[in-house]
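Asker: Attaching a predicted model along with its sequence, questions to come.
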Amino acid sequence: MVRLKELEPTDEQAFTAFERRYKAECGSEKIPFGLNSRNLPFAEFWREVNAMNRQETCPQGFVPAKYFLIIDDERIVGAINLRYKDNETILTYAGHIGYGVAPWERGKGYATEGLRLCLLKAWRMGMDKVLLTADLDNYASQRVIAKNGGVYERDIADKKLFWFDTNTDVFREYSAMAVVLCKDKILATLENVYGNTALSCPKGHIEAGETAMDAAIRECAEETGVQVGADEVTAVLDPFEVRFTTPDGRKICKTITPVLLEIQSERKPKPSEERIEKVRYMPVGRFLKDCSYENVKNVVNQSLQLSKRL
C-alpha cells in the first residue's frame with residue numbers, strides 16, 4: 001500500500017541510497033528539494049527539512065512546508081512536499097505541491113497516488129484551494145494532475161497552472177462538546193476512534209431541532225452517565241472545525257460547538273456507549289498534557305479563562 005511518511009533520522013541509510021541512485025539516473029531533470037537538491041550531508045538536510053516545517057523557523061522568503069517520502073511496501077519510490085502558505089512565488093510559479101518519482105518506478109501510478117494522498121493532507125490542514133504547476137512540455141505531470149481533478153487555469157512563463165478544490169466529496173457533520181469542569185478537574189473520556197484510543201471530552205451529533213447546548217447536555221449524559229443541567233452552563237463557545245478521513249476514504253468535515261458547564265461536586269460516571277472505554281475526572285493540568293487533540297486543549301484553556309471560579 002502506498003503511503004506518505006515524514007523523513008526521520010532513522011531513514012538515513014535508505015534515503016541516502018535512494019537519493020544517490022535518483023540523481024544518477026534522472027539525467028538533466030531538476031532535482032526536487034525533497035530529494036536533497038543541494039547535496040547536503042543527511043543530518044544537515046534533515047535539520048533543514050525540520051526548520052522548513054514550522055513558520056517560526058522557516059527561512060526568510062520561503063513558506064513553511066512539509067516533506068514526505070512516498071513509500072510502497074516499505075520501499076522509497078519518490079518524495080513529495082506540501083507548501084502550506086502563500087507568497088508570490090507559490091501563486092505564480094512553484095505551486096503548493098512538488099514531487100518526484102524515481103525513474104525506475106515511473107509508470108506504476110506512484111505519482112498519481114502520492115499526489116492524491118498529499119491533497120488529502122492539504123485538505124486536513126485547512127487548505128481549500130491548492131495550486132500545482134507543471135512545465136509546458138511535462139505531459140506526464142500534467143496527466144497526473146488531471147487524474148486527480150486539477151483544473152487548468154492558464155499558462156505563465158514556462159508553466160501551466162492547475163487548481164484543486166479540495167472540498168469536493170466532503171461529508172459535513174455538526175456536533176457539540178461538553179466541557180465539564182468540577183473545581184480543578186475536568187470530565188474526560190477515553191474513546192475508541194477507528195481502532196485508536198483518544199482522550200477528549202464528551203461530544204456527539206447535534207440532532208434535528210436541538211441547540212448546541214441541548215446536544216452537549218444530552219451527549220454528556222449518554223456518553224458518561226453524568227447528568228448536567230442548563231442552569232450549569234457557563235458559556236457556549238465559538239465552533240471549531242475538524243477535518244479527517246475515515247478508514248474507507250471518506251472526507252469528513254466536522255464543526256464542533258463547545259459548551260462550558262461547571263458543577264460543584266463530582267457525579268458518578270456510568271458510560272453506556274460501546275465506543276467509550278472509560279470516563280473519569282482528571283486534574284485539568286494532566287488533561288491538557290495528555291489530551292489527544294490540540295483544538296480540544298485550546299477549548300479547555302479558553303474555558304478556564306471563562307470559568308466563574310477564575
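Answerer: Alright, I've got the coordinates.
Asker: Now do stretch 230-249, average pLDDT.
Answerer: Averaging pLDDT along stretch 230-249 gives 93.
Asker: low-confidence ranges in this structure?
Answerer: Scanning the chain for pLDDT under 70 picks out the ranges 308-310.
Asker: 90 - rerun?
Answerer: Along the chain, segments meeting pLDDT under 90 span 26-34, 37, 54-55, 59-62, 157, 193-196, 246-249, 270-275, 307-310.
Asker: Could you check how far C253 is from C220?
Answerer: 24 Å (CB to CB, to the nearest Å). Quick note: C-beta positions are derived from backbone N, CA and C, even for glycine.
Asker: more neighbours, the two?
Answerer: C220 (28 against 16; other CB atoms under 10 Å).
Asker: In terms of helices and strands, where is that one?
Answerer: Using DSSP states H and E, C220 falls within helix 212-224.
Asker: Going by contacts, tell me the helices and strands next to that helix.
Answerer: Packing contacts for helix 212-224, counted by 3 or more CB pairs under 8 Å, 6 or more residues apart in numbering; DSSP states H and E, involve strand 170-182, strand 185-193, strand 203-205, strand 233-236, strand 251-262, strand 276-283.
Asker: and it, which residues are buried?
Answerer: Of all the residues in helix 212-224, those buried under the rule 16 or more other CB atoms under 10 Å are 212-213, 215-221, 223-224.
Asker: about what we covered before: nearest to A102, of the helices and strands packed on helix 212-224?
Answerer: Among these, the nearest to A102 by CB to CB is strand 251-262 (29.2 Å).
Asker: List the neighbouring strands of that closest one plus their orientation.
Answerer: Applying DSSP bridges to the sheet, strand 251-262 is found paired with strand 170-182 (parallel), strand 233-236 (antiparallel), strand 240-245 (antiparallel).
Asker: Mean neighbour count and distance to E44 added to those strands, as a markdown table?
Answerer: Converted to a markdown table, those look like this (neighbours: other CB atoms under 10 Å; distance: least, CB to CB, whole Å):
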| stretch | mean neighbour count | distance to E44 |
| --- | --- | --- |
| strand 170-182 | 20 | 40 |
| strand 233-236 | 16 | 49 |
| strand 240-245 | 15 | 34 |
